[in-house]
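Peer 1: Structure of the sequence below:
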Amino acid sequence: MFDEIALVQSDEESPFVQSNPKPAKTIQAKREQFRYQIRKSQIDEILEQKRMWFQPKQRFQKQDALPNIAEIFNSFRTSVSMHSHDDIAQHLHTLSTIIDDRNRVNSLFLTQRNFLQFKVLLEEETYYIDTYTIYGQLTQDEEFFTLNQEDIVWTIERSLVILGPCTDDELYNSILGYLANVASKMPNIQLLLLEKNAIKLLKYKQNLQTNLCHFIQTICQKIPEQHKSQLQNAIQVFDNLEQSTQILQSFYIIIRQADYMSEINYDSIIKFLLSYIFDYLKNEDDYESFYSALVQLKCISDYSKTQIYDIFMQYGMIDVINKLINYKYQKIRTAGLYILKNLIKSGHFTIQKIFSQEDLMKKLINILTADKPVNKSLVLQSIIHILKYGNDSDCVHLLDMGLAMELSQILQSQEAYILLQGIECTAFIMAFGQQLQLTQNISNPILKKLMDFQVIKVIQNLQHHPNQEVFIQVQKFLNMYFNIE
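Peer 2: Okay, here's the model as predicted:
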């Protein structure tokens, strides 16, 4: 990069011509030359794809046909000083044509001469397309962001004025690209765009989708607390566009930034994300989009709000989870179980919905005995939530399904965190048994079941466990329910 910058000596320098490899003289040399051409084309293709929004103008076909950037710039500068409209337009178009990703020297040349100083370019509509084509290329170099800050801010504010009434989609795309590029590197510009409520200027057009998402992702990333209410404006934009991976990526950023906000319409977000889940369950294609949507649903389920749980239940999330835990991929089962243990917090209605699906309960019990520790842990957390947020009949139902027998196995796990959850689960059951003992004036019926399956004996044996936290929790349990020190 510094070698390329050094080539820009003055406004009168000779044209830079990229050297080509010498003609091959041997078979080996021909092979090397062929490999070189392939590598070069691959690099060019990667550079081309890096810009989401930029569509380069038609390029000059031969290197020796490239105009001299210094000569063109000098002619352009002269025409600006003379206010020659036609000459400005002609030279500006030439500059926009030779500025592209394949020749950074030309863009650096314009950056070093502060191309932003020519404010007339944003005051005449006929200049807009070529101007923003050049602006977009200049923002590819770090040197651009060292230019005069007042000039950069002026172009941003002027761009917002142009963006509002703009009807030309190509120009609209270019402006969005420029705004997003600058905001991604300059936090003060991101803040300026938020203060100007730039999201409300956005159009709901399908052919602008890529650049709309690029812009929204940029200004919503690490959004300050005082501007988070604008996240709902971004969601409204997506409500009017067709499903796409770009929108999925944008929702990921919004969900991460929003935490829980009552102003946000989570119904539309959950419905959108579930559409990817349903598509995958039906066709099993586009796994990456499916899993991204599943991870985002996990994040939303963490909000622990009745409104969120109601939306999940409205769209049949229990049935979805029942299908997810069938998959051979562990992380799919894990995500499904994670959402389930959160949904159970909504209480008895959800718990009854789970109990009504016998095959789901059988799968959960099977996970306790045959799955990875992380999934066993999630099922245990679900059981604890049933005992905590459900009613007495829910606890009885679990015991009738053989929970005591499963606990005797769980409490022999090699994982300390599984043991701790098993002890917590047993404590909830013992508390329920004591409640029955007091209210019905009978001997503790739960204790007998636990004794029959040797759950209490297994817990007593854990007094010798090397993990300090396990030892402490075992002592608390025995002291609370059996007065054993």
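
Peer 1: Return the residues in contact with F238.
Peer 2: 247, 250-251, 268, 272 (Cβ atoms under 8 Å, 6 or more residues apart in numbering). C-beta: built from backbone N, CA, C; applies to glycine.

Peer 1: Between those, which sits nearest I472?
Peer 2: Of all those, F251 has the smallest distance to I472: 42.6 Å, by Cβ to Cβ.

Peer 1: Isn't that closest one up against L297?
Peer 2: No: taking Cβ atoms under 8 Å as the definition, F251 is not a contact partner of L297, at 10.5 Å.

Peer 1: Identify the contacts common to those two.
Peer 2: L273.

Peer 1: For N375, state which of the contacts of F238 is nearest.
Peer 2: Using Cβ to Cβ, those come closest to N375 at F251, 26.4 Å.

Peer 1: for that closest one, phi and psi?
Peer 2: phi -60, psi -40 (degrees, to the nearest 10).

Peer 1: For Y135, see how far away it is.
Peer 2: According to Cβ to Cβ, to the nearest Å, F251 stands 29 Å off from Y135.

Peer 1: do N366 as well
Peer 2: Distance from N366 to Y135, by Cβ to Cβ: 60 Å.

Peer 1: Those two: which is more packed in?
Peer 2: Y135 (26 against 12; other Cβ atoms under 10 Å).

Peer 1: my guess is the more buried one meets Y178, correct?
Peer 2: Yes: under the criterion of Cβ under 8 Å, Y135 makes contact with Y178 at 4.7 Å.

Peer 1: Between the two, which contacts overlap?
Peer 2: Common neighbours of Y135 and Y178 (criterion: Cβ under 8 Å, 6+ apart): T155.

Peer 1: now N265, nearest residue through space, not along the chain?
Peer 2: Leaving aside its chain neighbours, N265 sits nearest to I235 (6.1 Å; criterion: Cβ to Cβ, 6 or more residues apart in numbering).

Peer 1: what pLDDT does that neighbour get?
Peer 2: Looking at I235, its pLDDT is 88.

Peer 1: what about T146, how many residues close to it?
Peer 2: Other residues lying near T146 total 10 when counted by other Cβ under 10 Å.

Peer 1: Oh, that last question was meant for V458, not what I typed.
Peer 2: Neighbours of V458 (other Cβ under 10 Å): 19.

Peer 1: Which helix or strand contains it?
Peer 2: Using DSSP states H and E, V458 maps to helix 455-461.

Peer 1: in that helix, what's buried?
Peer 2: 455-456, 458-459 (16 or more other Cβ atoms under 10 Å).

Peer 1: I'd like the next helix or strand past that helix.
Peer 2: As assigned by DSSP H and E, the chain's next helix or strand after helix 455-461 is helix 468-482.

Peer 1: List the contacts of I365.
Peer 2: 401-402, 406.

Peer 1: tell me which strands and helices the helix or strand encompassing I354 is in contact with?
Peer 2: Under the criterion of DSSP H and E, I354 resides in helix 348-355. If you count contacts as 3 or more Cβ pairs under 8 Å, 6 or more residues apart in numbering; DSSP states H and E, helix 348-355 packs onto helix 306-314, helix 317-324, helix 358-370, helix 373-389, helix 392-400.

Peer 1: Check those for me and report the most buried one.
Peer 2: Greatest average neighbour count among the helices and strands packed on helix 348-355 goes to helix 373-389 (a mean of 21), per mean count of other Cβ atoms under 10 Å.

Peer 1: pLDDT weak spots in the stretch 51-200 of the chain?
Peer 2: 51-67, 100-103 (pLDDT under 70).

Peer 1: the helices in it, which residues?
Peer 2: Along the stretch 51-200 of the chain, counting by DSSP state H, counting those that start in this stretch, helices occupy 69-81, 85-98, 104-112, 128-138, 149-163, 169-185, 187-195.

Peer 1: Just put those in CSV and tack on distance to D359.
Peer 2: CSV is the format used below for those (distance: least, Cβ to Cβ, whole Å):
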stretch, distance to D359
helix 69-81, 70
helix 85-98, 63
helix 104-112, 61
helix 128-138, 55
helix 149-163, 54
helix 169-185, 48
helix 187-195, 49
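
Peer 1: nearest to Y204, of those helices?
Peer 2: helix 169-185 (12.1 Å).

Peer 1: Show me what counts as buried in that closest one.
Peer 2: So for helix 169-185, counting by 16+ other Cβ under 10 Å, buried means 171-184.

Peer 1: how far does it sit from the chain's center?
Peer 2: 21 Å (Cα atoms, centre = their mean, to the nearest Å).

Peer 1: do stretch 210-221 as well
Peer 2: That offset, for stretch 210-221, works out to 12 Å (Cα atoms, centre = their mean).

Peer 1: How about the residue nearest the centre of the chain, nearest residue that isn't a chain neighbour?
Peer 2: With distances taken as Cα atoms, centre = their mean, the residue of the chain nearest its centroid is Y252 (3.3 Å). Leaving aside its chain neighbours, Y252 sits nearest to Q296 (5.7 Å; criterion: Cβ to Cβ, 6+ apart).

Peer 1: I'd assumed L273 was in contact with that neighbour.
Peer 2: Yes: the pair Q296 and L273 qualifies as a contact (Cβ under 8 Å) at a distance of 5.4 Å.

Peer 1: can you list residues touching both of the two?
Peer 2: Joint contacts of Q296 and L273 (Cβ under 8 Å, 6+ apart) are 248, 251.

Peer 1: circling back to that earlier point, can you pull the phi/psi pair for the residue nearest to N265?
Peer 2: Per-residue torsions, I235: phi -60, psi -40 (degrees, to the nearest 10).

Peer 1: count of residues packed around the residue lying closest to I72 once chain neighbours are set aside?
Peer 2: Distances taken as Cβ to Cβ, 6+ apart put T94 closest to I72, at 5.3 Å, once the chain neighbours are dropped. When counting by other Cβ under 10 Å, one arrives at 17 neighbours for T94.

Peer 1: how close does T94 sit to Y417?
Peer 2: 67 Å.

Peer 1: Kindly report the same for L121.
Peer 2: L121 is 63 Å from Y417, by Cβ to Cβ.

Peer 1: Mind checking which of those two has more residues around it?
Peer 2: Shown here are L121 and Y417; by other Cβ under 10 Å, L121 has more neighbours (22 against 16).

Peer 1: Go ahead and confirm that one touches Y127.
Peer 2: Yes: counting by Cβ under 8 Å, L121 touches Y127, with 4.6 Å between them.

Peer 1: I'd like the distance between the residue nearest to Y252 and K331.
Peer 2: Taking Cβ to Cβ, one finds Q296 at 14 Å from K331.

Peer 1: helices and strands around the helix or strand where I446 lies, which ones?
Peer 2: For I446, the element it lies in under DSSP H and E is helix 445-452. With contacts taken as 3+ Cβ pairs under 8 Å, 6+ apart, helix 445-452 sits against helix 403-410, helix 416-440, helix 455-461.

Peer 1: Contact partners for the nearest residue to L419 once chain neighbours are set aside?
Peer 2: Closest residue in space to L419, ignoring its immediate chain neighbours: V470 at 5.2 Å, by Cβ to Cβ, 6+ apart. Contact analysis of V470 by Cβ under 8 Å, 6+ apart lists 416, 419-420, 423, 462.

Peer 1: ok, of those residues, which come out buried?
Peer 2: The neighbour-count test (16+ other Cβ under 10 Å) marks 419-420, 423, 462 as buried among the contacts of V470.
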